[in-house]
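> Got a sequence here, can you build the structure:
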Amino acid sequence: MTTTAQVKKLVRPLLERRRDLVFSRRMIFARRVHHVLAAAYLDRSSDPAAVIVGAQVLPVFHPGTPHVSWGWGVGRPDRKGFSIGQPELQEVLIRILEDDVLPKLAAISDIADFERYVLAHENRHMFEFGYHLTTAVALGQLDRAREICRGYRVRRTFEPTERNQRYRQEIAHLRAMCELVEADDRAGIIALLHQWEAATAADWGIAKFWEPSPFPIEAM
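Now for the predicted structure:
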């Protein structure tokens, strides 16, 4: 399998030119992450010489381990794939990242951008699994958030029979936010969003690149 050092060497010229970017955990993303992680990734493959190239877009403000990535796979126009043994690999890879992948990721710079992007994605149905609630409250759309919470209560979402610990934790997060929304506790909502975001950045290993910043709800 390709090593992190091999991949970092491949993209070094890009990182030297673009001081606004960082390489961490086999990802390339903006040096200052706020509410959304929009990153190119250079992953391992079962082929020891191959690199899997793609993009992922995830909300840092949503609690817990993500169970979906709104990203896309990246290929070469000539369909040759990305292999360490190719003499032209560095040039081809950097050109694709600079000309195509990174500009698309840069367009997803805030929470409103994230929501527009996700709702046009093939995995948009996954947005309904809690992400629509955290996005609504972060944007300050509390009437919409209250409607989502009412739907949870009608469907008895907060009474899970599933024994999976991760699922139960996700339900606990949604219940905690809905209680604040239904109480119209804006200060509590804002504090919980910041708490979740800090914890998520730490869990993903990007805490040193994450920069706390106000949510749209704080300007209302």
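> All the strands of this protein, residue numbers only.
Assigned by DSSP state E, the chain shows strands spanning 21-24, 27-30, 36-43, 52-59, 72-73.
> tell me the domain ranges of this protein?
Following automatic domain parsing, one gets these domains for the chain: 4-112, 124-219.
> Point out the other helices and strands that the lowest-mean-pLDDT helix or strand in the chain packs with.
Lowest by mean pLDDT, DSSP states H and E among the helices and strands of the chain is helix 165-182, with a mean of 92. Secondary-structure packing of helix 165-182 (3 or more C-beta pairs under 8 Å, 6 or more residues apart in numbering; DSSP states H and E): helix 131-138, helix 142-154, helix 186-203. Where you see a C-beta, it was placed from the backbone N, CA and C, and this is true even at glycine.
> out of those, deepest packed?
Among the helices and strands packed on helix 165-182, helix 131-138 has the highest mean neighbour count (mean count of other C-beta atoms under 10 Å), at a mean of 24.
> Alpha carbons of that one, in CSV - could you do that?
What follows is helix 131-138, C-alpha atoms only, in CSV (Å, rounded to 0.1, in the frame of the first residue of the first chain):
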residue,chain,number,x,y,z
TYR,A,131,-28.0,16.5,9.5
HIS,A,132,-31.0,18.5,8.5
LEU,A,133,-31.7,19.3,12.1
THR,A,134,-28.2,20.5,13.0
THR,A,135,-28.0,22.4,9.8
ALA,A,136,-31.3,24.2,10.4
VAL,A,137,-30.3,25.2,13.9
ALA,A,138,-26.9,26.4,12.9
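> show me the contacts for W210.
33-34, 60, 197-198, 201 (C-beta atoms under 8 Å, 6 or more residues apart in numbering).
> any idea which of the residues you listed is closest to L15?
Set against L15, the nearest of the contacts of W210 by C-beta to C-beta is V33 (16.0 Å).
> residue contacts, that closest one?
Counting by C-beta under 8 Å, 6+ apart, V33 touches 60, 201, 206, 209-211.
> Same question for R166.
By C-beta under 8 Å, 6+ apart, the contact set of R166 is 64-65.
> That one and T134, how far apart?
16 Å (C-beta to C-beta, to the nearest Å).
> sorry, back to before: reformat the domains of the chain as JSON lines; add distance to V118.
Shown next, in JSON lines, are those (distance: least, C-beta to C-beta, whole Å):
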{"stretch": "domain 4-112", "distance to V118": "5"}
{"stretch": "domain 124-219", "distance to V118": "5"}
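> Run through the residues that contact the residue of the chain positioned farthest from its centre.
The C-alpha centroid of the chain is most remote from P87, which lies 32.5 Å away (C-alpha atoms, centre = their mean). Shown in contact with P87 (C-beta under 8 Å, 6+ apart): no residues.
> Quick check: which ranges of this structure have low pLDDT?
Scanning the chain for pLDDT under 70 picks out the ranges 160, 162-163.
> make it 90
1-2, 46, 48, 64-69, 85, 129, 155-170 (pLDDT under 90).
> what residue lies at the spatial centre of it?
Residue closest to the mean C-alpha point of the chain, counted by C-alpha atoms, centre = their mean, is L58 at 1.2 Å.
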